[in-house]
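1. Structure for this input, please:
(chains A and B)
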Amino acid sequence: MEKQIAIKKNFLKKYHSLHCQSKNSVLLCNSKYFCMENYLQDIQDIKKMMDKSTQFISLSGLGGIMAGVYALAGAFAIHQITSYNSGRLALNSTDFKLILAIAGAVLVLAVCTAFVLTVKKARKNGDALWSNTSKRLAINFLIPLATGGVFALLLIRLEQYGLVAPVTLLFYGLACLNASKYTLRDVRYLGITNIIIGLLATYFIGYGLEFWALGFGVCHIIYGSVMYFKYDRNN
Amino acid sequence: MSILMVNEYADFTTLKELLGVTDGNLASHAKALEAESYIAVEKQFIGKKPNTSYRATKEGRKAFKDHIDALEKLIQKG
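-> Prediction:
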């Protein structure tokens, strides 16, 4: 029992020592009585360090806003094409291929812009872009996303076109939810919102484009703005 | 210790970056924690470069948890 108390005292001493030095504090915390006021600070430091080592915080809110803008622009363009064709399109028509091209362009543009802005933000924060935390973030985001992508392609193969939009929204929401553990918490709520929108899109089947515009467009603009004003402006 | 509680392992450079301490500082604290069997050290080579990684031991986790509990009790009292 005495040995355990001694070990614990020793541990507390060294632990305080390490923490106080890492804060560049002048306090020599060799006695726990000096650190009485710092105990609350200690708990906060511990939580901060835990977050710092697991969360990639350089995700750009502006990237989210831009992605939303591209999505809305793309949705508008696609809407113009479908209404021009009075809502019916042959699958091998040039117009349908144009729609696919627009969707692809939106995706590529959104990803590239978000990536570039995230790199910029990481550099500004002095954060490493490619670290354990960012790798974990990428993997945990991409696995559900890729699953959703493959599932959507299989649905297309089964000619279940009505389900494609809801499914993509659902899996994107789940991917965001999963990835949010490793980055800013706001992504979690973006994910939940997209899941709800995806379920609504399944209920009101046939309005895929509108729900897509809502989920990928409007939501990204809203959450991107929240993230931008919360984090990016202060820097 | 906080870092090793929420990550399965962490290598020397990562710890150094996160804590913002010097090589010697980190090394001496790591040695102290290792002496108490709170962390386990693994040295290996990645290609030609030496790489030291640390993970928390069962005793280390327990000691950390006791530490947090003690801190919370002290805060509640005060």
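
2. For the rest of this, base every contact and every neighbour count on C-alpha atoms.
-> Noted.

3. Run through the residues that contact A:A213.
-> A:A213 makes contacts with A:71-72, A:75, as judged by C-alpha atoms under 8 Å, 6 or more residues apart in numbering or on different chains.

4. Just the ones of these in strands?
-> Among these, none falls in strands (DSSP state E).

5. Most neighbours of all those, which one?
-> A:A71 (28 neighbours; other C-alpha atoms under 10 Å in any protein chain shown).

6. who are the neighbours in contact with the closest residue to it other than its chain neighbours?
-> Nearest in space to A:A71, with sequence neighbours left out and distances taken as C-alpha to C-alpha, 6 or more residues apart in numbering or on different chains, is A:G217 at 4.9 Å. By C-alpha under 8 Å, 6+ apart, the contact set of A:G217 is A:67-72.

7. Okay, now the unreliable bits of the chain?
-> No chain specified, so I'll use chain A. Along chain A, the model assigns pLDDT under 70 to residues A:1-37, A:86-92, A:232-235.

8. That was the other one, I meant chain B.
-> Low-confidence segments of chain B (pLDDT under 70): B:78.

9. Assign a three-state SS to B:S53, would you?
-> strand (DSSP: H, G, I helix; E, B strand; the rest coil).

10. how near is it to chain A?
-> Note on B:S53: its distance to chain A, by C-alpha to the nearest C-alpha, to the nearest Å, is 13 Å.

11. Would you indicate which residues of the host helix or strand of A:I195 are buried?
-> Secondary structure assignment for A:I195, by DSSP states H and E: helix A:186-203. Neighbour counts over helix A:186-203 (16 or more other C-alpha atoms under 10 Å in any protein chain shown) mark A:186-199, A:201-202 as buried.

12. how many neighbours does B:A56 have?
-> Neighbour number of B:A56 under other C-alpha under 10 Å is 26.

13. Not including adjacent chain positions, what is the nearest residue to it?
-> B:I39 (4.4 Å).

14. so how far is chain A from that neighbour?
-> 12 Å.

15. Who are the contact partners of that residue?
-> B:30, B:33, B:54-57, B:60.

16. Let me know the closest of these to chain A.
-> Using C-alpha to the nearest C-alpha, the shortest approach to chain A within those belongs to B:L33, at 7.7 Å.

17. number of nearby residues for that closest one?
-> Residues near B:L33, counting by other C-alpha under 10 Å: 20.

18. Could you find the closest non-adjacent residue to it?
-> Nearest to B:L33 is B:I39, by C-alpha to C-alpha, 6+ apart, at 6.0 Å.

19. Same check on A:T202?
-> Spatial nearest neighbour of A:T202, chain neighbours left out: A:P166 (5.5 Å); criterion: C-alpha to C-alpha, 6+ apart.

20. Could you name the specific helix or strand carrying the one you found?
-> helix A:161-179.

21. which of the residues in that helix are buried?
-> A:162-179.

22. OK, now which residue of chain A is nearest to chain B?
-> Residue nearest to chain B within chain A: A:M50 (5.3 Å; C-alpha to the nearest C-alpha).

23. Is that residue within a helix or a strand, and which one?
-> Taking DSSP H and E as the definition, A:M50 sits inside helix A:38-54.

24. can you give me the helices for chain B?
-> B:2-6, B:12-19, B:23-35, B:58-77 (DSSP state H).

25. Out of these, which one sits most buried?
-> helix B:2-6 (a mean of 18; mean count of other C-alpha atoms under 10 Å in any protein chain shown).

26. contacting residues around that one?
-> So helix B:2-6 is contacted by A:46-47, A:49-50, A:53-54, B:10, B:15, B:54-56, B:61 (C-alpha under 8 Å, 6+ apart).

27. Just flag the most distant two among these.
-> Farthest pair in the contacts of helix B:2-6 (C-alpha to C-alpha) is A:K47 and B:Y54. Separation: 19.5 Å.

28. So for those two, which sits in the more crowded spot?
-> Neighbours were counted for A:K47 and for B:Y54 using other C-alpha under 10 Å; B:Y54 has more, 21 against 13.
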